[in-house]
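Chemist: Fold the following for me, if possible:
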Amino acid sequence: MNWFLGIFLAAFLAGVSASAAAAAQTSERKLNPAEKWVVAQVTAGEIANLSEKFPDQGKRRLSAHFLEDLLTGALPGVKLHRNGVRITDAIIDEPIYLKNAQISCEVWLDHCLFMGGVNFMRATFTGVVSFDDSTFTAPVDFDAVRVGGDAFFRRAVFEGLVNFLDADMAGQFVADEAQFKNKEQTAYFGGMKVRGLASFRTVVFEGPVDFGAADVGSAFVADEARFKNKEQEASFNAMKVEDIAFFRKAVFEGPVNFGLADIVGNFVANEAQFKNKEQGTTLNRMKVGRASFTKTMFEGPADFYMVDIAGEFRADEAQFKSKEKTPISKA
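Modeler: I've put the predicted structure just below:
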């Protein structure tokens, strides 16, 4: 009997092993060559640079399902290296849906082309996430996303709706030189919490933008940023910045609202241009440590009503060009 049970158990285990192997092979067969190579690279802790491996752009496609499983650790037989997922020059032409996902690794998806919608609503990234130089041709939803490290979107291009409402960044949020190209839909950053630096140097917003009630734990930098929508406002209403807010040489084509903003350190808008002649610039009830508008130009009315400035106010060589309204009603 023991001999019979031993043979039966051995046969059963062999069958299970064969089934598992067959399942693994089946899973492997579903991966295209680019995906197989990406798996090999990331499990070895290396960067998967698809443009180097596959000079033919058409061979760099990754399916959305593959990427979703890879990021969440659900890809059969794949154990991610401690370096996380680092992929460059991939093309993903399907919608990515990772709402509420738990992503327990660093994620680099740089120089990638996302042709379908991207949904990371309420997703949690435990470490750094980077989308540097990537292009998003469809809506992007990072509503209430949580990032345990820094988030990078340097030189990223957004062609559709962008939503970072209530996003929470434990480190920095850096989107220097990014382009928000949708002219009709608002780029939403309202309620965003960034515990470190929030940087939008030389960024371009083609459409309206909303930073209302954003909370920045360090400096907010928008030097040389371009806000190009002439009709709808760029809103910084009730924004809170624990350090300095920089808008040096920024250009605002449309109306601007800084009402009720709380800047603990300095508000520096030297050489900025506020070009809207009708609605102008609203700074009423703004609270700042010190304010500097050296060589700043206001083409339209500037409302400084009940602005609270704890320290120095400078407006050397500033130009207030509006002839219809008094630029500073009360400060």
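
Chemist: Assess the claim that Met169 and Gly196 are in contact.
Modeler: Yes: counting by Cβ atoms under 8 Å, Met169 does reach Gly196; the two are 7.2 Å apart. For glycine as for every other residue, the C-beta is placed from the backbone atoms N, C-alpha and C.

Chemist: all helices of the chain, in order?
Modeler: Secondary structure of the chain (DSSP state H): helices at 2-29, 33-43, 50-53, 64-72.

Chemist: rank those by mean pLDDT and give me the bottom one.
Modeler: Across these, helix 2-29 has the smallest mean pLDDT, namely a mean of 38.

Chemist: ok so, going back, which one of Met169 and Gly196 is surrounded by more residues?
Modeler: Met169 (26 against 18; other Cβ atoms under 10 Å).

Chemist: Any idea how many residues pack against Met168?
Modeler: Heads up, residue 168 is Asp, not Met. 16.

Chemist: Kindly report the same for Phe258.
Modeler: By other Cβ under 10 Å, neighbour count at Phe258 equals 27.

Chemist: before we move on, what about the one 5 residues further on?
Modeler: Counted by other Cβ under 10 Å, the residues lying close to Ile263 total 26.

Chemist: Can you check the pLDDT for it?
Modeler: 98.

Chemist: Find the centremost residue of this protein, please.
Modeler: Phe153 (5.2 Å; Cα atoms, centre = their mean).

Chemist: wait, isn't that residue in contact with Gln179?
Modeler: No: judged on Cβ under 8 Å, Phe153 makes no contact with Gln179 at a distance of 10.3 Å.

Chemist: distance of Arg86 from Ala222?
Modeler: 29 Å (Cβ to Cβ, to the nearest Å).

Chemist: and these two? which has more neighbours close in?
Modeler: Neighbour count, other Cβ under 10 Å: between Arg86 and Ala222, Ala222 has more, with 27 against 21.

Chemist: Now do the phi/psi pair for Phe189.
Modeler: phi -130, psi 10 (degrees, to the nearest 10).

Chemist: That one: neighbouring residues, count only.
Modeler: Neighbour count for Phe189, taken as other Cβ under 10 Å: 27.

Chemist: check contacts around it.
Modeler: 164-165, 167, 209-211, 214 (Cβ atoms under 8 Å, 6 or more residues apart in numbering).

Chemist: so what sits against both of Met169 and Gly196?
Modeler: Asp150.

Chemist: Let me see the domain layout of the protein.
Modeler: Per the record, the chain has its domains at 1-30, 85-320, by automatic domain parsing.

Chemist: Give me the distance between Asn83 and Pro76.
Modeler: 21 Å.

Chemist: How many residues are close by the residue nearest to Ser130 when sequence neighbours are not counted?
Modeler: Using Cβ to Cβ, 6 or more residues apart in numbering and skipping the chain neighbours, the partner closest in space to Ser130 is Phe152 (4.2 Å). Taking other Cβ under 10 Å as the criterion, the count of residues near Phe152 is 23.

Chemist: now swap in Lys36 and tell me
Modeler: The number of residues packed around Lys36, counting by other Cβ under 10 Å, is 12.

Chemist: my guess is Phe200 meets Gln172, correct?
Modeler: No: taking contacts as Cβ under 8 Å, Phe200 lies outside contact range of Gln172: 11.7 Å.

Chemist: show me what contacts Gly45?
Modeler: So Gly45 contacts 81-83 (Cβ under 8 Å, 6+ apart).

Chemist: Neighbour count for Phe200 and Gln172, which is higher?
Modeler: Phe200 (27 against 19).

Chemist: With adjacent residues omitted, what lies nearest to that one?
Modeler: Ala222 (4.6 Å).

Chemist: Check the spacing between that neighbour and Gly117 real quick.
Modeler: In this view, Ala222 and Gly117 are 27 Å apart by Cβ to Cβ.

Chemist: go on, Arg86?
Modeler: Arg86 is 23 Å from Gly117, by Cβ to Cβ.

Chemist: need the contact list for Glu177.
Modeler: So Glu177 contacts 154-155, 201-203 (Cβ under 8 Å, 6+ apart).

Chemist: cool, and Arg285?
Modeler: 259-260, 305-308.

Chemist: Any of those residues buried? List them.
Modeler: 259-260, 307 (16 or more other Cβ atoms under 10 Å).

Chemist: that older thread, my guess is the residue nearest to Phe200 contacts Val204. True?
Modeler: No: Ala222 is not in contact with Val204 according to Cβ under 8 Å; the separation is 11.2 Å.

Chemist: Which phi and psi values does Gly196 adopt?
Modeler: Per degrees, to the nearest 10, the backbone of Gly196 is at phi -110, psi -140.

Chemist: Quick one, grab the pLDDT at the closest residue to it other than its chain neighbours.
Modeler: Excluding the flanking residues, the one nearest Gly196 by Cβ to Cβ, 6+ apart is Gln172, at 4.1 Å. Gln172 is assigned 98 on the pLDDT scale.

Chemist: pretty sure Gln172 contacts Val216?
Modeler: No: with contact defined as Cβ under 8 Å, Gln172 does not count as touching Val216 (10.0 Å).
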